[in-house]
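>>> Structure for the following, please:
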Amino acid sequence: MTTVSKFGRKEAPAKAGKEKEARVFLVSPYLQLGQHFHLLKQSLEVVFHSLWGDLDLRWSFSGAKGGGLARNQVAVLLARDLVKVHGQPDHYRYRFLLNDNSCPAGAPFRYEVLHKGKVVFAENGRAPPAPAQSWRLAVVGDIGDGSPGSLATAAKLLQSAPNLVLFPGDLVYDRGRFSEYQKHFFPVFNAQPEATSGAALLCQVPSVAAAGNHDLGTPRQPEELDWKKFPDAFAYYLFWSQPLSGPSLPGLKETLYKRGRNRKKLTAMYGNSALDGSSFHFRFGMVHFIVLDANRHMDWSNEGLRAWLAGALAAGADADFRIVSFHQPPFNSDSKYKIEQRMRLICDLLEEGGCDLVFSGHSHLYERTYPLRFTPAKKDSRGCAVMRPDGQVPGRIELDKGFSDKGVSNEDRPGGVIYVVSGAGGTLVDAKHLPTASQFTKKLNWQENTYTVIDFEPGKLVCRQLNLAGAEIDRFELTKRR
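Reported below is the predicted structural model:
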């Protein structure tokens, strides 16, 4: 079957022979918020990669407004794009939209992929919650190494029954390649019934991801990209379908596309629109989320980027909470990464914009700061903090050590932003870089795999850090600002 994709190609995948006959999916279906979620807040996308070009999707949900059972609705096919990636058979990436105003918020639904009327895949999910509904978020980063810790963490995430999963970066190791997702990400977090390990998480629960250094790792001079060594890099842009609510300038796309060879290679692999969407914001329930690309190609002292971030924070003014996530933490005690402080450049915006929590990874441990405010030692002419050549941003840290962790009243609101590193989802911090608690550290755990679970109800959140045995390592509560 020949199709026309949004990339303008008019050719069918090369025949895969017996391989095509033996399997339908190169990447099995999984749920995403999708590129339109900031506009269609009750919608989701189903994404998958297949060797077959004639697949359809239908879905159904119960408890429809007005009673009755809605059955066998045909999902909207947003895109069926031909993908040509080194080391993989030519295939199609599908994106289907699940959107129906009669589907109740938080309601269970079922979706089925069909080939010529025959069901070849079926799974269940839940619609996004309404503002007044309670719901659960799971957070963990640095999970993409396929280690026993990563496998066990995936199983615990599924058991925790979240409505949304947030991965604060380093989804795969070591270069963000398509082949690395195939080896250590999807088999672990989107395992299928016939698999002997892994968890069927992503096919049931939508997820969002910040881009870590191993996801979009590039040399300091992007024109030095070694396409012979890493021919299937930048798969982050292919596998994640996230709200297109981000800044228009400047990012990795602009940097990479300056050289024709990079532009030609990336367009052939992922299309003209592939390098969009690593920074974005959206509303889920009554929580406003902002996800940022914190890698070196992003200059967060740029006036345009800072204006966009200020606007994204302001868009959450009527939300119960504002949560920001990016990979590299501005405050952490890892001896390897503690001088990597470039994201302190936005501390003033987070504080002024009413940010409640920041989730990062990068350091393979768990750490929570006291609520804090940061005043840089030096500012430039634009009023932005100045970063030293070694990546440090020195300044004064003001801590609220009086915050009780209970959040029982508005008077007990924290006096500053709480920064959380939840990066203990895979291989833990190595013995050469063991952390020592810093002045800003409220809680530190580096000895075991842990993950974060946050339960939201109107006006309140309860954040818990759990180990793989289910024991509570840390806990705190917040109430809505008034």
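
>>> contacts and neighbour counts: CA atoms only from here.
Noted.

>>> low-confidence ranges in the stretch 251-400 of the chain?
Where the stretch 251-400 of the chain drops to pLDDT under 70, the residues are 251, 253-255, 257-260, 271-276.

>>> at 80 what do you get?
251-277 (pLDDT under 80).

>>> Helices of that one, residue ranges please.
With DSSP state H, counting those that start in this stretch as the criterion, the stretch 251-400 of the chain has helices at 252-256, 260-270, 303-314, 347-352.

>>> Give the buried residues for the longest one.
When neighbours are counted by 16 or more other Cα atoms under 10 Å, the buried residues of helix 303-314 are found to be L305, R306, W308, L309, A310, A312, L313, A314.

>>> Stretch 371-379 now?
P371, L372, R373, F374, T375, P376.

>>> Could you report the neighbour count for the closest residue to the last one other than its chain neighbours?
The reference is to P376. Excluding the flanking residues, the one nearest P376 by Cα to Cα, 6 or more residues apart in numbering is G395, at 4.0 Å. Using other Cα atoms under 10 Å, G395 is surrounded by 14 other residues.

>>> for A79, same thing?
17.

>>> you'd agree it is in a strand?
Yes. With DSSP: H, G, I helix; E, B strand; the rest coil as the criterion, A79 is part of a strand.

>>> can you pull the contacts of the closest residue to it other than its chain neighbours?
In this structure, A79 finds its nearest non-sequential neighbour in R95, 5.2 Å apart by Cα to Cα, 6+ apart. Taking Cα atoms under 8 Å, 6 or more residues apart in numbering, we find R95 in contact with E45, V46, V47, F48, L77, L78, A79, R80.

>>> Quick check: the fourth one is in a strand.
Yep, that's F48 we're talking about. Yes. Judged by three-state DSSP, F48 forms part of a strand.

>>> That one touches R93, doesn't it?
Yes. Using Cα atoms under 8 Å, F48 is in contact with R93, at 5.9 Å.

>>> Now list the buried members of the contacts of R95.
By 16+ other Cα under 10 Å, these give E45, V46, V47, F48, L77, A79, R80 as buried.

>>> Adding pLDDT and distance to L33 as columns, could you present the residues you listed in CSV?
Listed next are the buried ones among the contacts of R95 as CSV, based on pLDDT from 0 to 100; distance: Cα to Cα, whole Å:
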residue, pLDDT, distance to L33
E45, 98, 6
V46, 98, 9
V47, 98, 10
F48, 98, 14
L77, 97, 15
A79, 94, 15
R80, 95, 17
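
>>> could you redo the residues you listed as CSV and give each row distance to S28?
Output for the buried ones among the contacts of R95, formatted as CSV (distance: Cα to Cα, whole Å):
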residue, distance to S28
E45, 13
V46, 10
V47, 8
F48, 5
L77, 16
A79, 16
R80, 15
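
>>> and which of the residues you listed is nearest P414?
Closest to P414 out of these is E45 (36.3 Å), distances taken as Cα to Cα.

>>> Tell me the strands beside the helix or strand hosting that closest one, with direction?
Using DSSP states H and E, E45 maps to strand 44-50. Here strand 44-50 has these sheet partners by DSSP bridges: strand 25-32 (antiparallel), strand 91-98 (antiparallel).

>>> which parts of the last one are buried?
By 16+ other Cα under 10 Å, the buried positions in strand 91-98 come out as H91, Y92, R93, Y94, R95, F96, L97, L98.

>>> Please list all residues in contact with the last one.
Contact partners of L98, counting by Cα under 8 Å, 6+ apart, are S43, L44, E45, V46, W59, A75, V76.

>>> repeat for the third one
When contacts are counted by Cα under 8 Å, 6+ apart, R93 is found next to V47, F48, H49, S50, A79, R80, D81, L82, V83.

>>> Those residues into JSON lines, with extra columns for distance to Q328?
Compiled in JSON lines, the contacts of R93 are given as follows (distance: Cα to Cα, whole Å):
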{"residue": "V47", "distance to Q328": "28"}
{"residue": "F48", "distance to Q328": "29"}
{"residue": "H49", "distance to Q328": "30"}
{"residue": "S50", "distance to Q328": "34"}
{"residue": "A79", "distance to Q328": "33"}
{"residue": "R80", "distance to Q328": "34"}
{"residue": "D81", "distance to Q328": "32"}
{"residue": "L82", "distance to Q328": "33"}
{"residue": "V83", "distance to Q328": "31"}
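
>>> Go through the residues you listed and say which is closest to K116.
Once Cα to Cα is applied, the member of those that ends up nearest K116 is S50, at 14.6 Å.

>>> What sits closest to the closest one if chain neighbours are left out?
Using Cα to Cα, 6+ apart, the nearest residue to S50 is F25, at 4.4 Å.

>>> what's the neighbour count on Q133?
Other residues close to Q133 by other Cα under 10 Å number 14.

>>> any idea how far Y94 is from R80?
5 Å (Cα to Cα, to the nearest Å).

>>> same thing with L164?
According to Cα to Cα, L164 and Y94 sit 21 Å apart.

>>> Please, where are all the strands along the stretch 51-200 of the chain?
55-62, 69-74, 76-83, 91-98, 108-115, 118-126, 135-139, 164-167 (DSSP state E, counting those that start in this stretch).
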